[in-house]
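**Q** What would the 3D arrangement of this be:
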Amino acid sequence: IGAAGTLTINAAGARTFTGMVTNAGIWNNSGNRAVTFGTDVSNSGTFTGGTALQTFSANPAQLLGTAAMSFGGALTASNGLTVNKASGTVTVSGVFTVGATGLTLTAGAINLANTVAVTGPTSITGILTHTAITGTKTYTGAVTINSGGTMTETVAEPVAFGNNVSVNAGGTLTEFGAAT
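**A** Numbers count the residues shown, from 1 in each chain. Got it, this is the predicted structure:
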């Protein structure tokens, strides 16, 4: 989508995009339709994902770009997810589920505002924030917070770690709930 372009999803039915989605204009899922992305999404415009399930099927999928991205509903990346954004926060208001390949936060920030379930390893070099007052946050695989990486919980809710948690020199873990 070019800088002056707009894609509005408002008609009934799910949508599937098999190739890379590059948005420099406006992506607006105002119809709140389920969308499946076959590969990566790069956003330097306005990206509003709507409140329906957004599924990423690439191994792993990547969220890229220089502008914020908002997913009002659930986001599922069954084959793993890499967030590598030069700027702009990714916000997921619904359930956030990442499969066995795990979550890699190379650069940028992701704000998780609901239930979190990551079954694979998690590597954080950017900023990961939990802001939900409800919903479990479960990281089954090993969690590594690298130099420059931050994992923060802004409310007193438990985070469950099912494996090792490593905070390397220059990394930060701030947990206000009852980490288990």
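**Q** Now tell me which helix or strand of this protein has the poorest mean pLDDT.
**A** strand 159-161 (a mean of 91; mean pLDDT, DSSP states H and E).
**Q** And that one, what does it pack against?
**A** Secondary-structure packing of strand 159-161 (3 or more C-beta pairs under 8 Å, 6 or more residues apart in numbering; DSSP states H and E): strand 137-139. Yep, even glycine has a C-beta here, placed from its N, CA and C like the rest.
**Q** Relative to the lengthiest strand in the chain, what are the paired strands and their orientations?
**A** Secondary structure assigned by DSSP state E gives strand 81-92 as the longest strand of the chain. Paired neighbours of strand 81-92 in the sheet (DSSP bridges): strand 61-65 (parallel), strand 69-71 (parallel), strand 103-112 (parallel).
**Q** so how far is the next helix or strand along the chain from that strand from its chain's centroid?
**A** Sequence-wise, the next helix or strand downstream of strand 81-92 (DSSP states H and E) is strand 96-98. Computed by C-alpha atoms, centre = their mean, to the nearest Å, the separation of strand 96-98 from the middle of its chain amounts to 8 Å.
**Q** For strand 96-98, give me every contacting residue.
**A** Contact with strand 96-98 is made by 74-78, 80-81, 112, 114-120, as judged by C-beta atoms under 8 Å, 6 or more residues apart in numbering.
**Q** same check, this time on stretch 78-85
**A** Outside stretch 78-85, the residues that reach it (C-beta under 8 Å, 6+ apart) are 55-66, 90, 97-110, 120, 126.
**Q** and that stretch, how far from the chain's centre?
**A** The answer for stretch 78-85 is 7 Å, by C-alpha atoms, centre = their mean.
**Q** Same check on stretch 107-122?
**A** 6 Å.
**Q** got the CA positions of that stretch in CSV?
**A** Presented in CSV, the C-alpha positions along stretch 107-122 are these (Å, rounded to 0.1, in the frame of the first residue of the first chain):
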residue,chain,number,x,y,z
ALA,A,107,14.5,-4.2,17.9
GLY,A,108,11.5,-2.1,18.8
ALA,A,109,8.8,-2.6,21.4
ILE,A,110,5.8,-4.9,21.9
ASN,A,111,3.0,-4.2,24.4
LEU,A,112,1.0,-7.2,25.4
ALA,A,113,-2.4,-6.3,27.0
ASN,A,114,-4.0,-9.7,27.6
THR,A,115,-3.2,-13.4,27.9
VAL,A,116,0.3,-14.5,26.7
ALA,A,117,1.3,-18.0,25.7
VAL,A,118,4.8,-18.5,24.1
THR,A,119,5.7,-22.2,23.9
GLY,A,120,9.2,-21.8,22.3
PRO,A,121,12.2,-19.8,23.4
THR,A,122,12.0,-16.0,23.9
